[in-house]
Structure formats: structure tokens, C-alpha cells
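let me see the structure of the following:
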Amino acid sequence: MNIARAGQLQITGPDRKPSYGGDQRWFSSNTKAAGGCGSVAGANVLRSLAMVNTQFRDQIISSSTIPVAVKDALCSKNPGHDSFSLLMTGIYETMGSFEVFPLNRIYDRMDRSSKAFTRIKSTFGLSNVGFIIGIIRFARKFSLDLAVKSCPTAFMSKEEAGAFIREGLASSGAVVMLTCRNRHNARLFDPGCDLKDRLIDGKDATIKGHYTTITDMDGDRLLITTWGKPGVVDLNELAGSWQSIRAYESCLMYIYPCTRKEATSCMLGSWKLFVAGIKHAITRS
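All right, here's what the predicted structure looks like:
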């Protein structure tokens with residue numbers, strides 16, 4: 001495991017407890033907390049890029065338009081929960097999600113643990129196209145130009161996925177993974193565990209219809225973050241879950257700095273990822 005990379009998403013959470021990456025439970029809105037995984041992944045990859053790309057980090061630090069709290073969330077060695085929550089919220093307000101009116105307003109006024117909303121959804125989350133457009137638009141608000149390299153994973157081989165993930169980690173420090181209607185397991189761990197050592201005493205979780213962030217790769221073991229916790233996903237099982245039409249929107253993505261023209265072109269062509277996923281799912285190739 002790359003120790004420097006593993007530590008790049010260490011955050012001080014509420015009550016000064018450690019968190020590994022952002023946690024969508026930090027959103028004040030119940031609906032955002034339910035469907036904000038894409039915005040959390042966006043915050044994670046922006047911070048990761050700032051941690052590994054000196055030029056991008058310097059551009060953020062020297063900017064006169066980026067709020068101090070956002071600079072802290074992106075560039076500080078150990079940012080606080082308040083700063084990172086502000087970053088997540090700003091990204092959500094740009095990316096959005098498919099909130100269902102008026103259920104979103106009703107849920108936001110209820111107790112977050114209400115059992116009614118385990119069956120009735122107030123949000124359907126964020127599409128992969130929405131993520132691409134949203135992260136580019138958010139960066140552009142602060143005169144930062146980004147593009148997104150992506151690939152659909154429906155019927156993708158383990159070898160192809162591994163090559164893409166390694167490329168993304170080397171280029172931007174993290175890779176966003178959207179799991180669609182396919183499902184796979186993840187082993188989640190206490191965010192306070194020592195990542196310099198081995199991850200132990202974890203709990204199994206099922207990932208479905210969810211954005212996670214891949215932060216490292218050790219053979220067939222992917223280190224991820226979701227819900228503010230580090231986790232491990234087995235690439236063999238993951239690739240197996242893609243061998244289904246249910247994985248039609250599943251994908252891998254990473255961000256990188258670019259010119260304004262390239263960012264605009266990427267945003268305008270974002271629909272191609274969704275169409276390619278449908279094509280792969282139908283042709284099983």
C-alpha cells in the first residue's frame with residue numbers, strides 16, 4: 001500500500017474523531033445525506049488531485065476567489081469537518097441530484113432515521129453524466145479547468161479495469177467508481193485504524209447504486225472510501241458484478257487539469273459515457 005496516498009484523505013470529523021474521506025451524513029439536509037454520495041466523491045477526488053498535483057494545489061492556494069474554508073478542505077494536511085462539509089455542500093449545490101418533490105421537502109422535516117424513507121425514496125441520486133458536468137462546473141466557478149476521463153465498466157474485464165485504475169491513481173491520486181444496479185461487497189473499517197498497518201476487524205457492506213472513491217490498489221485489492229470509512233473491495237468480485245446488463249451505468253472516472261477548451265469539450269461530450277455503457281450492456285462486450 002502507498003502510505004502517502006493512503007493518508008491524503010485523512011480528515012478530522014465531528015467531535016475530533018478521524019474520518020477517511022468525506023461522509024454524506026455530514027450534510028444538514030436529510031435528502032442530501034441520502035443522495036449525496038456523488039458530491040462526496042467529487043470532494044474526495046478534488047482533494048486527492050490537490051494533494052498529488054503541485055501546480056493544481058498552488059493554483060488553489062494563490063486564488064483570490066476560492067474561500068479560505070474551501071482552500072483548507074482541499075489543501076490542508078488534515079482539514080476539519082466544517083471545511084470539508086462546506087466543500088461537499090458547494091459541490092452538491094452545483095451537481096445536484098434527482099430529488100423527488102415534494103418528498104424531499106417532507107423528508108428534510110422528518111427524523112433522518114424514519115423508516116418511511118427506507119422504502120419511499122426522496123432522491124434517486126446522481127447519474128454519471130451529472131457527475132462529469134457537475135465537477136467541471138464547480139471547478140470553473142473558481143477559474144479551475146478540469147476534464148474527466150471515464151470508461152463504462154459493463155462487461156469490462158478485470159485487466160482493463162486494473163489498468164485504468166492504476167492510470168487514474170498515478171495521474172490524479174484517486175478514481176471515482178459508480179456502482180449501478182449491479183452489486184458487490186466491500187469490507188469497511190474503523191476510520192481511526194492505522195492505514196500504515198493492515199486493515200483489521202472490518203464489517204461487510206453491500207455496495208449498490210452508490211459512488212465510492214478508490215484511493216489505492218494493492219494487487220487485486222482496492223482501497224476505497226465511503227461514508228467516511230476506509231474499505232477494501234476485491235477486484236475479482238467487482239469485475240464479476242460487471243458481467244451483467246445491470247451494470248449499464250457503472251463506470252470508473254478520474255479528473256485532471258486541462259485547458260478551458262478541453263473542459264468545455266468534456267462537458268459537452270459527457271453523454272457519451274452513458275450511451276457507451278448502454279451499448280456495452282446490450283452487446284455484452
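
ok, now which ones touch the residue nearest the centre of the chain?
In the chain, the centroid-proximal residue (C-alpha atoms, centre = their mean) is residue 41; its distance is 1.9 Å. Contacts here follow C-beta atoms under 8 Å, 6 or more residues apart in numbering; on that basis residue 41 touches 131, 176, 211, 212, 213. All C-beta spots, glycine's among them, are computed from the backbone N, C-alpha and C.

so it sits in a helix?
Yes: judged by DSSP: H, G, I helix; E, B strand; the rest coil, residue 41 forms part of a helix.

kindly provide the distance from it to residue 136.
14 Å (C-beta to C-beta, to the nearest Å).

kindly report the same for residue 219.
Residue 219 is 33 Å from residue 136, where distance means C-beta to C-beta.

go on, residue 239?
Remark: distance between residue 239 and residue 136 (C-beta to C-beta) = 28 Å.

in terms of packing, which of those two has more residues around it?
When neighbours are counted by other C-beta atoms under 10 Å, residue 239 and residue 136 differ, and residue 136 comes out ahead with 23 against 20.

now the more buried one: phi and psi?
Dihedral pair for residue 136: phi -70, psi -40, per degrees, to the nearest 10.

again with residue 113
phi -90, psi 10.

what's around it, how many residues?
Other residues near residue 113 number 8, with proximity taken as other C-beta under 10 Å.

circling back: so what's the residue nearest to the centre of the chain closest to, chain neighbours aside?
Leaving aside its sequence neighbours, residue 41 sits nearest to residue 211 (C-beta to C-beta, 6 or more residues apart in numbering; 4.1 Å).

all strands of the stretch 51-200 of the chain, in order?
If DSSP state E, counting those that start in this stretch is used as the criterion, the strands of the stretch 51-200 of the chain fall at 146-152, 175-179, 184-188.

what helices and strands are in contact with the last one?
Right, the one you point to is strand 184-188. If contacts are counted by 3 or more C-beta pairs under 8 Å, 6 or more residues apart in numbering; DSSP states H and E, strand 184-188 sits against strand 203-207, strand 221-226, strand 229-234, helix 235-241.

give me the beta-bridge partners of the closest residue to residue 216 other than its chain neighbours?
Leaving aside its sequence neighbours, residue 216 sits nearest to residue 223 (C-beta to C-beta, 6+ apart; 4.0 Å). Bridge pairing for residue 223 (DSSP bridges) gives the partners residue 216, residue 232.

and residue 223, how many neighbours does it have?
23.

ok, it touching residue 231?
Yes: if you go by C-beta atoms under 8 Å, residue 223 and residue 231 touch, sitting 7.4 Å apart.

and the next helix or strand past the least confident helix or strand in the chain by mean pLDDT?
Lowest mean confidence among the helices and strands of the chain (mean pLDDT, DSSP states H and E): helix 3-6, at a mean of 48. Counting by DSSP states H and E, the next helix or strand C-terminal to helix 3-6 is strand 10-12.

helices and strands around that next one, which ones?
With contacts defined as 3+ C-beta pairs under 8 Å, 6+ apart, the packing partners of strand 10-12 are strand 18-20, helix 81-95.

okay if I get these as a markdown table plus mean pLDDT, mean neighbour count and distance to residue 11?
What follows is those, written out as a markdown table (pLDDT from 0 to 100; neighbours: other C-beta atoms under 10 Å; distance: least, C-beta to C-beta, whole Å):
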| stretch | mean pLDDT | mean neighbour count | distance to residue 11 |
| --- | --- | --- | --- |
| strand 18-20 | 90 | 22 | 5 |
| helix 81-95 | 94 | 21 | 5 |
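
ok, the residue lying closest to residue 63 once chain neighbours are set aside to residue 280 distance?
Nearest non-adjacent residue to residue 63, counting by C-beta to C-beta, 6+ apart: residue 142, 6.1 Å away. Distance, residue 142 to residue 280, using C-beta to C-beta: 35 Å.

all set, thanks.
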